[in-house]
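> Quick one: sequence and predicted model below, then my questions.
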Amino acid sequence: MEARVAEQATAQQANRRRATLTRESILEAALRLCSPEGGGQLTFSRLGKELGADPTAVYRHFRDKDELVLALADVTIQEGIELARAKLPGGPSEDWRAWLTVTAESVRASYLARPALAVLAAARTTASPSETGSVELLISVLHQAGLPPIEAAECYRSLLDMTLAMTQYTAAFSSLDRSVQEKDEAAWAVKYGMLPEDEFPLLHQSAPRLTELFRDDDQVFRMVLETFLDGVAARIARAGNA
């Protein structure tokens, strides 16, 4: 009798969990799982356990994992936009370079907070209101800076691809076992440093710096971003002289 009562109570609790399961609660749980603290792995079985519900309950809100990933990407994009606005409360201004820098860094930070999601979603296109709004905004910033619409769109696309590609690279590497990471680091710190100077004079001279950069993807990203923005500035100058 007691066992039957316990079973009924458990079933009632499970029913309540299913009843209160929402799209928002699923997204929140999935974002936690994609973070290092959450284990950095997104599966429906782990998601069900995180939610305290049967994994199949997720399918009532998301058709499949791909639909879930795109929804998570949309949340991350929106978070990146809000982070950028928090850093520059006035929003886009005449300082196009500052806005593009803040936007790229904010999108990167939002994805790297959940490396597993960066690996899954950084190359995807959601066409959601958050994404299309941010595309229009960035193109307009570049257009107002002096680029014709088509060139502004080209620069937007280049900025986005560069940012997401480098973010995905960092996320993928951070997901490797520490022993594998250390093996790659040793290749720069030891093997490259031991190359014969007479055969590789420039590489021999720069090996210490390359080792430093290997350890700091954020610094490399800032360097690449600055170089890219220098190129955009040159295009704006040419457009102004045309």
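Yep, that arrived.
> Look up how far Val220 lies from Leu137.
26 Å (CB to CB, to the nearest Å). Yep, even glycine has a C-beta here, placed from its N, CA and C like the rest.
> again but with Glu50, I slipped
From Glu50 to Val220 the distance is 34 Å (CB to CB).
> quick one, which of the two is more surrounded?
Here Glu50 and Val220 are set side by side on neighbour count (other CB atoms under 10 Å), and the busier one is Glu50, at 19 against 16.
> contacting residues for the more buried one?
Ala29, Arg32, Leu33, Gly38 (CB atoms under 8 Å, 6 or more residues apart in numbering).
> and the next element down the chain from the strand or helix carrying it?
Glu50 belongs to helix 44-51 when assigned by DSSP states H and E. Later in the chain than helix 44-51, the nearest helix or strand by DSSP H and E is helix 65-87.
> for the helix or strand just after that following helix, what is the average pLDDT?
Where DSSP H and E defines the elements, the next helix or strand beyond helix 65-87 is helix 96-112. Helix 96-112 shows an average pLDDT of 96 in the prediction.
> pLDDT wise, what is Met194 at?
89.
> quick one, phi/psi of it?
phi -100, psi 0 (degrees, to the nearest 10).
> Do you have the helices of the protein handy? List them.
For the chain, the helices defined by DSSP state H cover 2-20, 23-34, 44-51, 65-87, 96-112, 115-121, 129-144, 149-174, 178-186, 201-214, 217-241.
> quick one: which of the ones you listed is nearest Leu195?
helix 201-214 (5.9 Å; CB to CB).
> May I see the buried residues of that closest one?
His204, Ala207, Thr211, Phe214 (16 or more other CB atoms under 10 Å).
> Got the phi and psi for Ser35?
According to degrees, to the nearest 10, Ser35 has phi -90, psi 160.
> tell me the domain boundaries of this structure?
8-62, 63-175+184-241 (automatic domain parsing).
> that older thread, if you compare the directions of the helix holding Glu50 and helix 65-87, what angle comes out?
60 degrees (axes from the mean of the first three to the mean of the last three CA atoms, to 10 degrees).
> Can I get helix 44-51 as CSV, trimmed to CA atoms?
The C-alpha coordinates for helix 44-51 follow below in CSV (Å, rounded to 0.1, in the frame of the first residue of the first chain):
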residue,chain,number,x,y,z
PHE,A,44,18.3,15.5,-24.8
SER,A,45,19.0,12.9,-22.1
ARG,A,46,21.2,15.3,-20.1
LEU,A,47,18.6,18.0,-20.7
GLY,A,48,15.8,15.8,-19.3
LYS,A,49,17.9,15.1,-16.2
GLU,A,50,18.6,18.8,-15.7
LEU,A,51,14.9,19.6,-16.0
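> That concludes my questions; thank you for your assistance.
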